[in-house]
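A.B. asks: Attaching a predicted model along with its sequence, questions to come.
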Amino acid sequence: MSARKKLHMKLTKMAAPLKLPTGHQRGRDDMPSIEGFIKDGLDPVHAVYAFVQNITSFFGEVVSALPEMEQFAKIVAKAEDEYMPSRPPMSPLTHSFFTTWAFYDLRFDGTDTLASCLIEANDVVGMNPDQLDALKKLAASRMGIYQHVGLDGTHIRLRELITDAEFICHSGSGYRGRSGELWYVRLLPPLLPDL
């Protein structure tokens, strides 16, 4: 049985369901709302993805202590010590880069990711449909190598090196770059097709 199925069974049997923030309440003092992210200057679509990233992080903190997630916790702890040390030499990896790898790319039992576990457990966790959709888009995303091919207003045009597909993107970091640069990034689709 897969880790996500075992975890789902465990969470279903637990006396109290997990209480994850919904976006309209804070849930935790250190977890801003979607509205808070927007107020702080994030693009609204970026704010939703950032909020779902926080939900995933909170879920990971809660379930990583469970025996069903022992392998995940061990792999992430070892990788964090190696790639995100709290001592010199410091890593060039950002916290965001590391956590998106740990949540959406790391297949800790060969097939499951933390995101697939959260998706499976949503009947217990209770994310709303929009949050679940954003999580599924994050879970389906991947890192890729793109060439900066110019600007389109406030957005950046990136061309994927393998497929030659071009994308008009919002840069979450605010970095606008220059034509010709190569970017190693995780592109996320708009939450609604017309965005």
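C.D. replies: Noted; the coordinates are in hand. Residues are numbered from 1 along each chain as shown.

A.B. asks: Give me the distance from the biggest helix by length in the chain to the chain's centre.
C.D. replies: Under DSSP state H, the helix in the chain containing the largest number of residues is helix 44-63. Distance of helix 44-63 from the chain centroid (Cα atoms, centre = their mean, to the nearest Å) equals 7 Å.

A.B. asks: can you tell me how far Asp152 sits from Asn128?
C.D. replies: In this view, Asp152 and Asn128 are 32 Å apart by Cβ to Cβ, to the nearest Å. Every C-beta, even on glycine, is put in place using the N, C-alpha and C of the backbone.

A.B. asks: Next: Met90.
C.D. replies: 38 Å.

A.B. asks: Show me which of those two is the more surrounded one.
C.D. replies: Set Met90 next to Asn128 and count neighbours by other Cβ atoms under 10 Å: Asn128 wins out with 12 against 9.

A.B. asks: and that one, how far is that from Ala134?
C.D. replies: From Asn128 to Ala134 the distance is 10 Å (Cβ to Cβ).

A.B. asks: Next: Asn122.
C.D. replies: Taken as Cβ to Cβ, the span from Asn122 to Ala134 is 12 Å.

A.B. asks: These two: who's more crowded?
C.D. replies: Using other Cβ under 10 Å as the criterion, Asn122 and Ala134 rank with Ala134 on top: 23 against 17.

A.B. asks: in the helix or strand where that one lies, what counts as buried?
C.D. replies: According to DSSP states H and E, Ala134 maps onto helix 129-140. Residues 131-132, 134-135, 137-139 are the ones in helix 129-140 that count as buried (16 or more other Cβ atoms under 10 Å).
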